[in-house]
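Student: A predicted structure for the sequence below; I have some questions about it.
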There are 2 protein chains.
Amino acid sequence: MSPWSAAQIGDARSTIDTPALILDLDAFERNLQRMAKALEGRKVRLRAHAKNHKCPEIALRQIALGAVGICCQKVSEASVFVQAGVTDILITNEVVGARKIDHLMELARQARMGVLVDHPLQVQALATAAQAQATALDVYIEIDVGGRRCGVASVDEAVRLAEQIVACPPLHFAGLQCYHGPAQHMRTHAERTAAIGSAANTARAVKLAIEARGIAVDIITGAGTGTFIHERDSGVFNEMQAGSYIFLDRDYGDNQRGADDIAFEHALFVLTTVMSRPTAERAVLDAGLKASSVDSGMPGVWQRKDLRYVKAADEHGVIETPNAAALALGEKLMLVPGHCDPTVNLYDTLVCVRGEKVEALWPIAARGALL
Amino acid sequence: MSPWSAAQIGDARSTIDTPALILDLDAFERNLQRMAKALEGRKVRLRAHAKNHKCPEIALRQIALGAVGICCQKVSEASVFVQAGVTDILITNEVVGARKIDHLMELARQARMGVLVDHPLQVQALATAAQAQATALDVYIEIDVGGRRCGVASVDEAVRLAEQIVACPPLHFAGLQCYHGPAQHMRTHAERTAAIGSAANTARAVKLAIEARGIAVDIITGAGTGTFIHERDSGVFNEMQAGSYIFLDRDYGDNQRGADDIAFEHALFVLTTVMSRPTAERAVLDAGLKASSVDSGMPGVWQRKDLRYVKAADEHGVIETPNAAALALGEKLMLVPGHCDPTVNLYDTLVCVRGEKVEALWPIAARGALL
């Protein structure tokens, strides 16, 4: 861990050391409000995903604004939020392995916990642990609605898993996980509409088939920042797992907005310094791929359309510009991360800025929680 | 930070929780010996790069085997190693900004510190700070020998910087930084030979031009794991900055070895679990891009040529194989990271394994040290 901090509370924004992960509090709070408004008066609840921010301060604000709880992706990640007082967490992932299941059961004694399954052996392992400890656990069946990652691919498999779960108290069959990952970054509104239309059809078919066996399917959960208006309006989904809406990374910003899409704004930035200016067309920043993840492309340069971040090395970002001489050595720039989740995971602290002041330092308490 | 550990000292390898970053101690120690042997009896010293491991336990072993000290890329990173007892560190980077320079000077009172420059304003800022505090500092001029990142591009600029540095005690002009990054992963021996031949010619020309002004150029430093045999044999370089040789990632493993290249072996792995097996051709691992960096391509699957890691999501790795049914749910696999530096930076601990036992847990103490 870095032996000193990029900033202290009360510092002027201009004195923040770099690279630093900056949260623009005004923009962040507007994004929180936009999501609350988008779901207001609808039969759809928010269970905000916390894998992107890993920050209890943010989760507690999402819940205060109406979220029923949060999603996590790892048991160790969930544990950080339980410690911080979050009482309702869905792990949107299969949990495999005895150590992990023990930890999950430990959490289920302190909070309402849910988990996914897509194989009978997972149900069996969860049931054995839950029965041994007489601990309730919500279990959701993951359906592959187009992501081609985890999740059962057929209605029959889903029905069999539901029957297996209801036969294993204290497991509680809670519903279906129907998240369509690739649809989040389909660039056009028409593509996203079609993808989620198809996902909703799949979800509906599985729900009806399970209900035909006399088993209630209470929750159909899924959706992300790119598509949630479609799940919200589908008549099938009743829980939204969007997370990135609080930050809006460059990749989400590149989606073409349709008339009904919500206009979230960029609130997360990597502050960086021009550290070298070796030629007339090249400048080098002190933020490379250890400061801003490049798995979804290079970061954007905030409000500087004349500058292109063209290449990231471990600790360097290369900027091309027709006039590098106009950039001063020591000048600070703001980057819009290509992908917020893995970028946040590189830092221990969010430097929260309002206007020209550092208002707060929020620990990214679940950073590196991989287990 | 993860609330519990993937393993304890003395655990059987088979019980390590996943994802975990594994160091195979036998392979690691063989790699240390191979490098020591490759430089034995030559007029070339090792200053091993520590940006890839960020681990004092490793730096101290490199120094015990003959390294004169280490390289770091960030001042905050160097601070972790100074605290751990390393007494000679070159920051192979320009340091720009008042806070950073203050921290650098603090370190220069505790250890021998070096730093790079490629602009007169950097020299001026360092000189002002060094004079104010009467603290010695080694200054190296970075030359662009083909990396097209930082570094002066002309002999004249280098000569002017050298004259400026020698006029500013207590700055000490120590030599030239001549690292050729892109050459490290040129796939053929012939390409690497040509690239470093050219880099050595540039370094020699700059050295002669500076010496012609009566200024000694003591150290020509550079080289990485992919090319160091060429710098070693160039007659110009006298200090090697290789770092990745201790781990050997997949990207380095993909280089075609020439007859004189050293056969380092993979010693760093990401241990992962098969957590879903949704179709006959697809399995999903619990190690995605938050567990193994993908900037230099996907990880390899160790000793399983039948398996291809084809896609990384944040927390999932997708494996394609003609026979997914042969992979058991819960089965553990070892990944060879695509790029060791940013992968190590995702973890707090190296789980050090010898044979079937966890022998040590080494803190990655400088993880996240970005400032």
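Tutor: Right, received. Where do you want to start?
Student: residue contacts, the closest residue to A:L46 other than its chain neighbours?
Tutor: Counting by Cβ to Cβ, 6 or more residues apart in numbering or on different chains, A:A67 is the residue found nearest to A:L46 once chain neighbours are left out, at 4.4 Å. To be clear about C-beta, it is placed using only N, CA and C from the backbone, and glycine gets the same treatment. Taking Cβ atoms under 8 Å, 6 or more residues apart in numbering or on different chains, we find A:A67 in contact with A:R45, A:L46, A:R47, A:A48.
Student: of those, closest to A:D261?
Tutor: A:L46 (16.8 Å; Cβ to Cβ).
Student: the helix or strand where that closest one lies - contacts with which helices or strands?
Tutor: In the assignment (DSSP states H and E), A:L46 maps to strand A:45-49. For strand A:45-49, the packing partners by 3 or more Cβ pairs under 8 Å, 6 or more residues apart in numbering or on different chains; DSSP states H and E come out as helix A:25-39, helix A:56-64, strand A:69-72, strand A:88-94, strand A:239-240.
Student: list the buried ones in the longest one?
Tutor: The one in question is helix A:25-39. For helix A:25-39, the neighbour count (16 or more other Cβ atoms under 10 Å in any protein chain shown) marks A:L25, A:A27, A:F28, A:N31, A:L32, A:M35, A:A38, A:L39 as buried.
Student: hey, where'd the helices end up in the stretch 51-200 of chain A?
Tutor: A:56-64, A:75-83, A:98-108, A:120-133, A:155-166, A:189-211 (DSSP state H, counting those that start in this stretch).
Student: any idea of the mean pLDDT for the fifth one?
Tutor: Per-residue pLDDT values over helix A:155-166 give a mean of 98.
Student: and stretch A:89-108, by the same measure?
Tutor: Mean predicted confidence for stretch A:89-108 is 97.
Student: next: stretch A:51-62.
Tutor: Mean predicted lDDT for stretch A:51-62 stands at 98.
Student: does the lowest-mean-pLDDT helix or strand in chain A reach chain B?
Tutor: Among the helical and strand segments of chain A, the one scoring lowest on mean pLDDT, DSSP states H and E is helix A:250-253, with a mean of 94. No: using Cβ under 8 Å from any Cβ of the partner chain, helix A:250-253 stays clear of chain B, with a minimum separation of 12.4 Å.
Student: in which helix or strand does the closest residue to chain B within the stretch 151-300 of chain A reside?
Tutor: The minimum distance from the stretch 151-300 of chain A to chain B, using Cβ to the nearest Cβ, falls at A:S276 (4.0 Å). In this structure, A:S276 sits in strand A:268-279 according to DSSP H and E.
Student: kindly export the strand holding A:L46 (C-alpha atoms) in CSV.
Tutor: Taking Å, rounded to 0.1, in the frame of the first residue of the first chain, the C-alpha atoms of strand A:45-49 are listed here in CSV:
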residue,chain,number,x,y,z
ARG,A,45,-36.5,-2.3,-7.3
LEU,A,46,-32.8,-1.5,-7.4
ARG,A,47,-30.1,-3.8,-6.1
ALA,A,48,-27.1,-1.8,-7.1
HIS,A,49,-23.9,-3.7,-8.1
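Student: out of the helices and strands packed on strand A:45-49, which gets nearest to chain B?
Tutor: Between the helices and strands packed on strand A:45-49, strand A:88-94 lies closest to chain B; by Cβ to the nearest Cβ that is 5.0 Å.
Student: does the closest one reach chain B?
Tutor: Yes: against chain B, strand A:88-94 shows contacts by Cβ under 8 Å from any Cβ at A:N93, A:E94.
Student: who's in contact with that strand?
Tutor: Under Cβ under 8 Å, 6+ apart, the answer for strand A:88-94 is A:47, A:49, A:68-75, A:78, A:81-82, A:104, A:107, A:111-119, A:122, A:138, A:140, A:142, A:150, A:177, A:179, A:221, A:241, B:275-276, B:315.
Student: which of those count as buried?
Tutor: Buried among these by 16+ other Cβ under 10 Å: A:47, A:49, A:68-75, A:78, A:81-82, A:104, A:107, A:111-119, A:122, A:138, A:140, A:142, A:150, A:177, A:179, A:221, A:241, B:275-276, B:315.
Student: how about the residues of the stretch 1-150 of chain A by chain B?
Tutor: With the criterion set to Cβ under 8 Å from any Cβ, the stretch 1-150 of chain A comes near chain B through A:1-4, A:6, A:15, A:17-20, A:51, A:73-74, A:76, A:79-80, A:83, A:93-97, A:99-100, A:103, A:118-119, A:121-122, A:144, A:148-150.
Student: quick check: end-to-end length of stretch A:168-188?
Tutor: Across stretch A:168-188, the terminal residues are separated by 44 Å (Cα to Cα, to the nearest Å).
Student: follow-up on the earlier one: switch the helices and strands packed on strand A:45-49 over to TSV; also include distance to A:V166.
Tutor: Converted to TSV, these look like this (distance: least, Cβ to Cβ, whole Å):
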stretch	distance to A:V166
helix A:25-39	30
helix A:56-64	29
strand A:69-72	23
strand A:88-94	19
strand A:239-240	20
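Student: nearest to B:A209, of those?
Tutor: The nearest among the helices and strands packed on strand A:45-49, by Cβ to Cβ, is helix A:25-39 at 51.6 Å.
Student: which residues sit against the closest one?
Tutor: For helix A:25-39, using Cβ under 8 Å, 6+ apart, the contacting residues are A:45-46, A:48, A:61-62, A:65-66, A:228-229, A:232, A:240, A:242, A:245-248, A:262-267, A:352-355, A:359-360.
Student: tell me where the stretch 201-350 of chain A has helices.
Tutor: Here the stretch 201-350 of chain A has its helices, by DSSP H, counting those that start in this stretch, at A:228-232, A:250-253, A:340-344.
Student: how far off centre is the second one?
Tutor: What it means is helix A:250-253. Mean-position distance between helix A:250-253 and its chain equals 13 Å (Cα atoms, centre = their mean, to the nearest Å).
Student: now do that helix: everything it contacts.
Tutor: A:184-185, A:225-226, A:244, A:264, A:266, A:296-297, A:299-300, A:336-339.
Student: for the stretch 201-350 of chain A, what lies in contact range of chain B?
Tutor: Residues of the stretch 201-350 of chain A lying near chain B (Cβ under 8 Å from any Cβ): A:273-279, A:282, A:284, A:286, A:289-291, A:293-295, A:312-316, A:318, A:329-330, A:341-342, A:345-348.
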